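Undergrad: have a look at this prediction, sequence included:
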Amino acid sequence: MTTLGAAGLLIWWAEGSKSRRDKRWKSAVSYPVEVTNTDPRIIRLFMRFMNDEMGVGVARFKLQLQIHAGDDQECLEAYWSEITGIPRDKFQRTIIRPVGNKPGKSKGTCKVRFSDKLVYNALEKRLYALLESISGIGAVG
């Protein structure tokens, strides 16, 4: 496995969303491929991994920001669009939180996302193989 592959899987494992039952329907399960972080290097690295190692291009992704009241929403959306390559028309509604304890010092929290069961399962399979190769820890069930 490449260094990029290992890094991307570990980012997804630590910062990503996991599959879950969808409460709106009795037997539905969602398979989100999502990573949330404030560090643009983490987001950029995950997106590069998804493109180069998983064959998932930027066109598949949507983006959602969480920012604080008083932050320049226009500026922050432009910033994250540049970081990710995701056009602004693929952004979901920006969530605005009350003023934090570091006003003006945050670039917001960025979530890149799409949903795909096949990609999710491929990520999970690769992750378990990586964990097994590192420490003998595979799927825990």
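TA: Okay, I see it.
Undergrad: can we go C-alpha only for contacts and neighbour counts from here?
TA: Noted.
Undergrad: let me see the ranges of the strands in this protein.
TA: Using DSSP state E, the strands of the chain run over 20-21, 29-30, 32-37, 62-68, 95-97, 109-115.
Undergrad: among those, which is nearest E132?
TA: strand 32-37 (21.7 Å; CA to CA).
Undergrad: what about the closest one, average pLDDT?
TA: Strand 32-37 carries an average pLDDT of 95.
Undergrad: ok, and what's touching it?
TA: 11-12, 15-19, 43, 46, 109-117, 119-120 (CA atoms under 8 Å, 6 or more residues apart in numbering).
Undergrad: on that earlier part again, turn the strands of the chain into a markdown table, including distance to P87.
TA: Output for the strands of the chain, formatted as a markdown table (distance: least, CA to CA, whole Å):
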| stretch | distance to P87 |
| --- | --- |
| strand 20-21 | 28 |
| strand 29-30 | 24 |
| strand 32-37 | 17 |
| strand 62-68 | 9 |
| strand 95-97 | 18 |
| strand 109-115 | 12 |
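Undergrad: to E124, which of these lies closest?
TA: Closest of the strands of the chain to E124 is strand 32-37, at 10.4 Å (criterion: CA to CA).
Undergrad: so in terms of bridging, what pairs with the residue nearest the centre of the chain?
TA: Central residue of the chain (CA atoms, centre = their mean): V35, 1.7 Å from the mean position. Applying DSSP bridges to V35 yields these beta-bridge partners: G16, V112.
Undergrad: distance of it relative to E74?
TA: 22 Å (CA to CA, to the nearest Å).
Undergrad: please apply the same query to A7.
TA: 31 Å.
Undergrad: so the two - more neighbours on which side?
TA: A7 (15 against 8; other CA atoms under 10 Å).
Undergrad: and the more buried one, how far from T38?
TA: As defined by CA to CA, A7 lies at a distance of 17 Å from T38.
Undergrad: if we go by neighbour counts, what in stretch 44-52 is buried?
TA: 44-50 (16 or more other CA atoms under 10 Å).
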